[in-house]
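Q: next comes the sequence, and after it the predicted model I'd like to discuss.
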Amino acid sequence: MIGIENLVVRFGPTTVLHGVSFDVTEGESFALVGESGSGKSTILKALAGQVQDWSGRMTLGGTGMKQGDAPHARQVQMVFQDPYGSLHPRRSVDDTLSEPLAIHRIGNRDARVLAMLDAVGLPRRFRFRLPHQLSGGQRQRVAIARALMLEPPVLLLDEPTSALDVSVQAEILNLLKGLREEKNLTYLLVTHDLPVVSFLCDRLAILRQGRIEERANVDALREGRLTTPYGRELFLRSTQG
């Protein structure tokens, strides 16, 4: 569903990704982990069409992407880290969820909005509330609902729980896991939190300074069988934390 081959990204004279390659199969949840500045979010931005200066090959659903092109909104959507900054403060939940349907001229709006509220576990009475009337977890549920309104097969998840209270993080992770199983979604998750990877993902790639240091399945992560020194260092930090 996602193919990345020899991806190089430059911001001016600085190269931030050095020949990154990996693939994600249909229905799989794949994680990109590493410290801040390792290039994780840059990969998501490249797939979302937000990075212009790149070389290599990227495919979504078997279709190659060209430099300067944005992927079709019905193919892929992103859920951002900050639930407070990703929603327009003056637009109601109904406005936020209805906008993609209006842009793509999809009818049956009321039924679709209500069905998506149900899918993400938001009471229907929240439909006409503004973001400031919602908690952080509720806002993130709205953001997930918005990403799913066009029924894309791929979701890009950029630290989707890191800005939330610990008590709410588990609720959002359980929601994402359930939606993936129910809708056969493919996830590409960026995170620095290895326990989140262990819960939500099947495989992972560890990035360091724009290069993949190691690829592993989640069983190797759970059992502490990462093979590179940097991978073992990240695992040790996660267990100590």
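A: Thanks, I have it.
Q: helix, strand or coil: sort out the residue nearest to A147 when sequence neighbours are not counted for me.
A: Counting by CB to CB, 6 or more residues apart in numbering, A147 lies nearest to Q77, which is 3.9 Å off, once chain neighbours are set aside. Bear in mind the C-beta positions are built from the backbone N, C-alpha and C, glycine included. Recorded secondary structure, Q77: strand (DSSP: H, G, I helix; E, B strand; the rest coil).
Q: one more: L157?
A: strand.
Q: model confidence for the closest residue to it other than its chain neighbours, exactly?
A: In space, and not counting its chain neighbours, L157 is closest to L189: 4.4 Å by CB to CB, 6+ apart. Here the pLDDT value assigned to L189 is 98.
Q: do you know how far the residue nearest the centre of the chain is from L47?
A: Of all residues in the chain, the one closest to the mean position by CA atoms, centre = their mean is L157, 1.1 Å from it. Using CB to CB, to the nearest Å, L157 is found at 12 Å from L47.
Q: quick check: neighbours shared by those two?
A: Common contact partners of L157 and L47 (CB atoms under 8 Å, 6 or more residues apart in numbering): L188.
Q: counting contacts, what elements does the top helix by length along the chain pack onto?
A: In the chain, assigned by DSSP state H, the helix with the most residues is helix 166-183. Helix 166-183 sits against helix 136-148, helix 194-200, with contacts defined as 3 or more CB pairs under 8 Å, 6 or more residues apart in numbering; DSSP states H and E.
Q: A46: how many residues sit nearby?
A: Here the number of neighbours of A46 (other CB atoms under 10 Å) works out to 23.
Q: can you verify it is assigned to a strand?
A: No: read with three-state DSSP, A46 is helix and lies in no strand.
Q: between the two ends of stretch 65-82, how far is it?
A: End-to-end distance of stretch 65-82: 27 Å, with CA to CA, to the nearest Å as the criterion.
Q: got a list of contacts for that stretch?
A: 44, 47-49, 52, 54-55, 58-61, 63, 86, 100, 103-104, 140, 143-144, 146-148, 150-160, 162-163.
Q: stretch 217-227 now?
A: 194, 197-198, 201-204, 206, 214, 216, 232, 234-235, 239.
Q: who touches the residue lying closest to P195 once chain neighbours are set aside in this structure?
A: In space, and not counting its chain neighbours, P195 is closest to S238: 6.5 Å by CB to CB, 6+ apart. Applying CB under 8 Å, 6+ apart, we find S238 in contact with D193, L194, P195.
Q: could you dump these to a markdown table with neighbour count and pLDDT?
A: Converted to a markdown table, the contacts of S238 look like this (neighbours: other CB atoms under 10 Å; pLDDT from 0 to 100):
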| residue | neighbour count | pLDDT |
| --- | --- | --- |
| D193 | 19 | 92 |
| L194 | 24 | 94 |
| P195 | 15 | 93 |
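Q: for these, give me CSV that also has distance to P13.
A: Shown next, in CSV, are the contacts of S238 (distance: CB to CB, whole Å):
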residue, distance to P13
D193, 32
L194, 33
P195, 37
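Q: tell me where the protein has strands.
A: 2-11, 14-24, 29-33, 54-60, 63-64, 76-79, 154-158, 186-191, 203-208, 211-217 (DSSP state E).
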